[in-house]
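1. Sequence first, predicted coordinates after that:
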Amino acid sequence: MRIDNIAPPDVVGEEGDVDRVRLAIEELTLDGRRQDHHHRDKYAKIAYGIMKTWVVFLMLVTLGQMALGHFGFGLGEPEFIAVVTTTTASVFGFGFIVGNYLFPKR
């Protein structure tokens, strides 16, 4: 018996088999990209909501500081500056990190 014309069973097939495999691979790739897009959209909206909440918090702290300052309450100037700068840096850092993770440069 000669072994040079024996091929493994999964290699032997018609041309249509190869096309079906390629089509299945393309469909799986497309499904994966759709899922990635869905998750990116979802998490981008969550991150945007968190950032908006932080900005509203800063606005409320500023307005509260102005209103309570007339009555002798509120944060001192160094404390107010620390709150505003640290939260602003945190918000922009958070947005930068999430943005780079969700939308990497290609």
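-> Yes, it's here. Numbers count the residues shown, from 1 in each chain.

2. Run the chain-centre distance for the one helix or strand residue 29 maps to.
-> Residue 29 is part of helix 15-69, with elements assigned from DSSP states H and E. How far helix 15-69 lies from its chain's middle: 5 Å, per Cα atoms, centre = their mean, to the nearest Å.

3. Who are the packing partners of that helix?
-> Secondary-structure packing of helix 15-69 (3 or more Cβ pairs under 8 Å, 6 or more residues apart in numbering; DSSP states H and E): helix 77-102. Every residue, glycine included, has its C-beta placed from N, CA and C.

4. residues of the helix it packs on that come out buried?
-> By neighbour count on 16 or more other Cβ atoms under 10 Å, the buried set for helix 77-102 is 80, 83, 91, 98.

5. just checking, what packs against that helix?
-> Using 3+ Cβ pairs under 8 Å, 6+ apart: helix 77-102 touches helix 15-69.

6. what angle do the helix it packs on and helix 77-102 make?
-> Calculated by axes from the mean of the first three to the mean of the last three Cα atoms, to 10 degrees, helix 15-69 forms an angle of 170 degrees with helix 77-102.

7. Give me the mean pLDDT for helix 15-69.
-> Across helix 15-69, the average pLDDT comes to 84.

8. any idea how far residue 99 lies from residue 84?
-> Using Cβ to Cβ, to the nearest Å, residue 99 is found at 22 Å from residue 84.

9. same question, residue 27
-> Using Cβ to Cβ, we find residue 27 at a distance of 51 Å from residue 84.

10. cool, and residue 77?
-> Residue 77 sits 11 Å away from residue 84, taking Cβ to Cβ as the criterion.

11. Equivalent analysis for residue 61, please.
-> 7 Å.

12. just residue 18 next, same as before
-> Here the distance between residue 18 and residue 84 works out to 63 Å (Cβ to Cβ).

13. same deal with residue 91?
-> Taking Cβ to Cβ, one finds residue 91 at 11 Å from residue 84.

14. Residue 104 now?
-> In terms of Cβ to Cβ, residue 104 sits 31 Å off from residue 84.
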